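**Q** turn this into a model:
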Amino acid sequence: MKYKIGDKVKIRKDLKIGERYGGCLFVKGMQKLCREVVRIVGFSGLLRYYRIDSSGLCWTDEMFESDVDTEVQGMNKHVVIYVDGNKVVARCGDKEGVARCHPDDDFDFYTGAKLALERLEEAEKPYTWLEEGVTYHYPMPVVSSLYNSATYRADDWDKRVVKRGIVFKTPEEAIECAKKMLAAVKKEG
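**A** Here you go, the predicted structure:
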C-alpha cells in the first residue's frame, strides 16, 4: 500500500463498474467519486484496503491515480502555536508538539514555542526510535484488544505498517488510533 492515514489521493476516472482493482470490486456507488480528491481515513481487510473520507466502501492503490505528487501534499502546511494553561502547543494537521511550563518556573511564550516546534518536528518524523529488535504496536480494529504487537525486523510486513503511518511505541497509542479508525468507519455509515 502506498498511502497512509491523512494522505490525499485522486480517484481514477477510467474505473469500470464490475471490474476488480487490487482485489476490490468497483461498484456503481463508487463511480460518483471518480476524479475526486479524497483523504485516506483508515484501513480495512486486515490492512489490505483503504477507507476514504467520503465512502464506506473499500479502495485500493490501483483505484487511485499514480501521478499524485506526494511532495506537494506536505508543502501546504500551516503551523498554529497557542497557549493552553501552562503549556504552549504547536499543531500542524493532526500532529502536535507540546511544551509544559513547570509550576516553579516563569512562563515564557517564546521559549515554550521553540520547544513546542522542536517537539512537533519530532512528531512529524515519528519512527527514528524504530530499529531492529524493538517491539512496536499497531492498530487492529478487528480484534478485541484493538491492537497487535510485533518485533521490528525491517521485513516487508514491517515496511508496509511503517509506510502507512500506524506504528506506535505503546499499546495505548495503537488503541487510540484503532478507535479513531472505527469512529471514521462508523461516521461514514
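**Q** contacting residues for G6?
**A** With contacts defined as CB atoms under 8 Å, 6 or more residues apart in numbering, G6 is in contact with R39, I40, G93, D94, G165. C-betas here are computed from N, CA, C, even on glycine.
**Q** for burial, what's the neighbour tally of the last one?
**A** Think G165. The number of residues packed near G165 is 15, by other CB atoms under 10 Å.
**Q** and it, what helix or strand is that in?
**A** For G165, there is no host helix or strand (DSSP states H and E).
**Q** contact partners for the residue nearest to it when sequence neighbours are not counted?
**A** Leaving aside its sequence neighbours, G165 sits nearest to K4 (CB to CB, 6 or more residues apart in numbering; 3.4 Å). Applying CB under 8 Å, 6+ apart to K4 gives the contacts I40, K163, R164, G165, I166.
**Q** thought the fourth one was touching M1?
**A** No. At 10.6 Å, G165 does not count as touching M1 under the criterion of CB atoms under 8 Å.
**Q** bridging residues for A90?
**A** Beta bridges link A90 to I81, G97, judged by DSSP bridges.
**Q** give me the neighbour count for it.
**A** A90 has 24 nearby residues by other CB under 10 Å.
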